[in-house]
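Asks: build me a model from this:
(chains A and B)
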Amino acid sequence: MRWSQLFIPTLRENPAEAEVASHQLLLRAGYIRQLSAGLYNYLFLAQRSLNKIQKIIREEMDGIGGQELFLPALNPAEIWQESGRWTGMGANMFRLKDRNGHDLCLGMTHEEVMTSVARGEVRSYRQLPQIWYQIQTKFRDEPRPKSGLLRVRQFIMKDSYSFDIDAAGLDAAYDKHYEAYCRIFKRCGLEFAAVEADSGAMGGSQSSEFMVRTDAGEDFIVHCPSTGYAANLEKAVSQPQPPAVPDPEGDLTPEEFHTPGFKTIDEVSAFTKLPQTSQIKSLVMAADGQPVMALLRGDHQLSETKFSAAIGGPKELRPATPDEMRGWLGADAGSLGPIGVKMRVIADAALEGRRNMICGANKDDYHLKNVTPGKDFKATYADIRQVVAGDTDVITGAPIDVYKAVEIGHIFKLGYKYSKAMGLSVLNAEGEEVTVIMGSYGIGVERILCAAVELYHDKDGIVMPASIAPFDVVITPVNIADAAQKEAAQALYEEAKKAGLDAVLDDREERAGVKFKDAELVGIPWRITVGKKLAEGKVEVSERKGKKSQDALLSEAIALVKAGI
RNA sequence: CGGGGCGUGGCUCAGCCUGGUAGAGCGCCUGGUUCGGGACCAGGAGGCCGGAGGUUCGAAUCCUCUCGCCCCGACCA
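Replies: Residues are numbered from 1 along each chain as shown, chains lettered A, B, ... in the order given. Predicted structure coming up:
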């Protein structure tokens, strides 16, 4: 292709609205343009990259026996009602009505549709196992789209679903996906980590997320370099640091004291001259409208995910409102505590065995000291605490890290959630009806592109991995008006195409600097510059990564690039 | 949904406080000179200042409402 004919609208300056590197660079390099919040036009370059990513995905999915389908993005409400997710998905699902007033939605994922396909057709264990996948547009009415392509309202997802007769079959399908995903991300040139994850609203037992480390990400990963333990913060476990000062000895009796205006843990800590680790933080939550108290050590944060699991996974979980707190406990947040309360109390495991601590008195501007969990109040202990940097590995005690990451893939063992709810069963060899066990496996296609840009860029632009770059090589005649250069460049371009390279000829009537800058911004992995050394029969071959270049004979240039890719 | 910010040629922004009828740089078009790292000269096109209402002799500028976008938080298969 000839650059002069292409639509590659590069910008010299960063658009004002872009914050993260991938957003800025994809805009500047002319890959994408925004249509609206969370909606992007994928221009020529983005489309080429996304096509390459999808090609890799298809090859690997086909490689594990996946069969590609294509299901409607527009779904009837009925199947979502059957699975219970019509209400479960809440406001995150785009909903609409057709002309007859029937409820429809735009699919966020396709468990329901896939299950409905299977239940109509799959009758016998002999037809299992199956792995079906599609590459489809998904819709989510995000409360806050952000960070360019990282969090959007419409995006491309490869989603696959496995159907098996038993748990061993599911395990095998899950493992196949795990390995295929590793190959996909590796082929896309990404450095990534597979981590233990919470299965959240998807339901199911086991799940792994594939994460790329970047500050632009929204997830936090807990990682122990010495043991290899890696998990999403929602799910991660660790050993907390010990309390900053030891608890007072003895079976002391709780004693009220006045704390005028001291509400936060920090304020009470400063007032009592006892560290945060000596305080009990009492949080009141409403679980399906019922009050539940969560207790944590003063310096710890509640993990809502763990807490939700600890109380049996309520449909709705939220912090209590100030009015609710006052009604239930007779005091405002800042003076609450577990003594004498009538609600369920879940205490974090880090409080077990502690004694003579400080907590709120359920009376405004009063706290209690000498409060001992177990003795002065009853609570169920559970791990409801969010891991923080500085904690240590639960088994070895080795230090752990917490870092930000973006999720590019997620695999789940769904179990029977959808097949049971929607009646997907087959006859086994004994002629008995058994419910099919399912898995579900997603990849965010654009997120691979974003992650690559986040990971690989420099001051001049994108350093796109060759496997997903829109072009392999750009042939750049320094001066297109020079007939010899023009001719040589044209010949090189033809040769590159014959050699199977995705080549573009930069035949624009621009100065060399402009063409170099654009090629670097866009992130084309290789450039062959046809310039003054042409007189000696030479051209310059340069690699975007590391900015290395060398002179090569005209006849050798293409082979050199080919070898590099 | 709470908090903050911003909407002025294609892009980045100035002008607004202190009303007087719109500017710069880049980009774009034409011609010329240049030609290995975002050239230079000359000429030119392009904006009813997000929208509506109001105040005023007069509104980009002041007031009210509204829409959109971005950021922080909440939320997030």
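Asks: residue ranges of the helices in the stretch 301-450 of chain A, please?
Replies: Here the stretch 301-450 of chain A has its helices, by DSSP state H, counting those that start in this stretch, at A:304-310, A:322-329, A:417-422, A:445-455.
Asks: next: chain A.
Replies: A:21-28, A:44-63, A:77-83, A:85-88, A:111-121, A:167-187, A:265-272, A:304-310, A:322-329, A:417-422, A:445-455, A:483-498, A:512-522, A:557-564 (DSSP state H).
Asks: just to revisit the earlier point, CSV for the helices of the stretch 301-450 of chain A, including distance to RNA strand B?
Replies: From N, CA and C alone the C-beta is placed, and that goes for glycine too. Converted to CSV, these look like this (distance: least, Cβ to the nearest atom of the strand, whole Å):
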stretch, distance to RNA strand B
helix A:304-310, 5
helix A:322-329, 13
helix A:417-422, 10
helix A:445-455, 8
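Asks: need the winner for burial among those helices.
Replies: Among the helices of the stretch 301-450 of chain A, helix A:445-455 has the highest mean neighbour count (mean count of other Cβ atoms under 10 Å), at a mean of 27.
Asks: packing partners for that one?
Replies: Under the contact definition 3 or more Cβ pairs under 8 Å, 6 or more residues apart in numbering; DSSP states H and E, helix A:445-455 sits against helix A:21-28, helix A:44-63, strand A:154-164, strand A:207-213, strand A:401-415.
Asks: just give me how far that helix sits from the chain centre.
Replies: 11 Å (Cα atoms, centre = their mean, to the nearest Å).
Asks: report the angle between it and strand A:154-164.
Replies: 120 degrees (axes from the mean of the first three to the mean of the last three Cα atoms, to 10 degrees).
Asks: got the contact list for helix A:445-455?
Replies: If you take Cβ atoms under 8 Å, 6 or more residues apart in numbering as the criterion, helix A:445-455 is touched by A:20-22, A:25-26, A:31, A:46, A:49-50, A:53-54, A:57, A:135, A:148-150, A:152, A:155-158, A:185, A:188-192, A:212, A:214, A:216, A:406-408, A:462, A:464-465, A:468, A:523.
Asks: if we go by neighbour counts, what in stretch A:273-292 is buried?
Replies: Residues A:274, A:276-287, A:291-292 are the ones in stretch A:273-292 that count as buried (16 or more other Cβ atoms under 10 Å).
Asks: swap in stretch A:363-382?
Replies: Neighbour-count burial for stretch A:363-382, counted by 16+ other Cβ under 10 Å, picks out A:363-373, A:376-377, A:379, A:381-382.
Asks: just give me how far that stretch sits from the chain centre.
Replies: 38 Å.
Asks: can you check stretch A:394-413 too?
Replies: 12 Å.
Asks: what does stretch A:287-296 give?
Replies: The answer for stretch A:287-296 is 28 Å, by Cα atoms, centre = their mean.
Asks: with stretch A:297-317 instead?
Replies: In terms of Cα atoms, centre = their mean, the centre of stretch A:297-317 is found 21 Å from the chain centre.
Asks: picking that back up, counting neighbours, which of the contacts of helix A:445-455 end up buried?
Replies: Applying 16+ other Cβ under 10 Å to the contacts of helix A:445-455, the neighbour count classes A:20-22, A:25-26, A:31, A:46, A:49-50, A:53-54, A:57, A:135, A:148-150, A:152, A:155-158, A:185, A:188-190, A:192, A:212, A:214, A:216, A:406-408, A:462, A:464-465, A:468, A:523 as buried.
Asks: and chain A, what are its domains?
Replies: If you go by automatic domain parsing, the domain ranges for chain A are A:3-236+A:403-453, A:255-382, A:471-564.
Asks: I'd like those domains as JSON lines, with mean pLDDT appended.
Replies: Below are the domains of chain A laid out as JSON lines (pLDDT from 0 to 100):
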{"stretch": "domain A:3-236+A:403-453", "mean pLDDT": "93"}
{"stretch": "domain A:255-382", "mean pLDDT": "88"}
{"stretch": "domain A:471-564", "mean pLDDT": "96"}
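Asks: which among these is found nearest to A:Ala244?
Replies: Across those, A:Ala244 has its closest neighbour in domain A:255-382 (3.8 Å, Cβ to Cβ).
Asks: find the closest residue to RNA strand B in chain A.
Replies: A:Gly531 (2.0 Å; Cβ to the nearest atom of the strand).
Asks: most packed of the helices of chain A?
Replies: Buried most deeply of the helices of chain A, by mean count of other Cβ under 10 Å, is helix A:445-455, with a mean of 27.
Asks: tell me the angle of it relative to strand A:207-213?
Replies: Going by the same axes, to 10 degrees, helix A:445-455 makes 40 degrees with strand A:207-213.
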